[in-house]
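[1] here is a sequence with its predicted model. Questions after.
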Amino acid sequence: MQLNVYWIIALVLLVGAIVGMGILIRRRHSFYAEMDMENDMEVDTTTEDEVQSEDEEDLVPEEDPADHPVWGRVDIMVDGRRISTQRVHLATTTVGRDPGRARIVIPELIVSKRHCVLFEKAGKLWIRDAGSTNGVFRDGEPVREAEVTHGSIYSLGRRGSVKLVFTTDPPQDN
């Protein structure tokens, strides 16, 4: 008889734990959404299919940079430190966190897997937000698409902890 009571108590505790975990999991989303809003970040609620369809609509496929002229370079700054300098060609190049999706990789959490794209338009370099979660900004203003010029600084995310600083190469005398 005592053994049956212990089994009943254990079963009640197990059911209570399962219900409690379900409540915590449902509340987790709203908790993180509030935290991210306080930090000027958005919660990414898009599905992988939605991201792929957005990318297919707005972005052209990457090109081999060797087939295109060099535009200049981009210094990748994180919290005021240069972590990398990359050559920039007048070719379609993705910038992001995922090495499988981006040619210029920035391993920071605020950077989306495919954050933005550099591309050529009318012989000039342009930048386009690739539907990133935290956006692309210049001087605190969101940028959907803009021409990149010598000295341009773009922030990946509103806080500006990750910056892309563009510099053109001086013209070559032949």
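    Perfect, thanks for sending it. As the structure is a computational prediction, the values presented were derived from the model and not from experiment.
[2] how far off centre is stretch 144-161?
    13 Å (CA atoms, centre = their mean, to the nearest Å).
[3] end to end on it, go ahead and measure it.
    When the termini of stretch 144-161 are compared using CA to CA, to the nearest Å, they are 19 Å apart.
[4] show me how the record splits the protein into domains.
    Listed by automatic domain parsing, the domain ranges of the chain are 1-38, 63-168.
[5] state the mean pLDDT of the longest one.
    Mean per-residue pLDDT for domain 63-168: 92.
[6] over to the first one?
    Taken as a whole, domain 1-38 has an average pLDDT of 71.
[7] circling back: deepest of the domains of the chain, which one?
    domain 63-168 (a mean of 17; mean count of other CB atoms under 10 Å). (C-beta placed from N, C-alpha, C; glycine too.)
[8] grab the nearest non-local neighbour of the spatially most central residue of the chain.
    Central residue of the chain (CA atoms, centre = their mean): residue 112, 1.6 Å from the mean position. Among residues not flanking residue 112 along the chain, residue 132 sits closest, at 3.9 Å (CB to CB, 6 or more residues apart in numbering).
[9] wasn't the one you found part of a helix?
    No - assigned with DSSP: H, G, I helix; E, B strand; the rest coil, residue 132 falls outside any helix and is coil.
[10] need the contact list for it.
    By CB atoms under 8 Å, 6 or more residues apart in numbering, the contact set of residue 132 is 111-112, 114-116, 156.
[11] what segments of the chain are strands?
    70-78, 81-89, 93-96, 104-105, 116-121, 124-129, 136-138, 141-142, 145-147, 153-156, 162-168 (DSSP state E).
[12] okay, now the sheet partners of the third one, with direction.
    Strand pairing for strand 93-96, determined by DSSP bridges: strand 104-105 (parallel), strand 116-121 (antiparallel).
[13] so which of the strands of the chain is nearest residue 18?
    Minimum separation from residue 18 across the strands of the chain (CB to CB) falls at strand 93-96, 38.1 Å.
[14] which residues does that closest one contact?
    Under CB under 8 Å, 6+ apart, the answer for strand 93-96 is 59, 62-63, 65, 101-106, 111-119, 130, 156, 164.
[15] rerun at 10 Å
    55, 59, 61-63, 65, 68, 74, 76, 86-87, 101-106, 111-120, 125, 127, 130, 132, 136, 154, 156, 162, 164 (CB atoms under 10 Å, 6 or more residues apart in numbering).
[16] thinking again about what came up before, what's the farthest-apart pair in the contacts of residue 132?
    The distance between the two most remote of the contacts of residue 132 (CB to CB) is 11.6 Å, for 114 and 156.
[17] need the residues touching each of the two.
    Shared contacts of residue 114 and residue 156, defined by CB under 10 Å, 6+ apart, are found at 95-97, 132.
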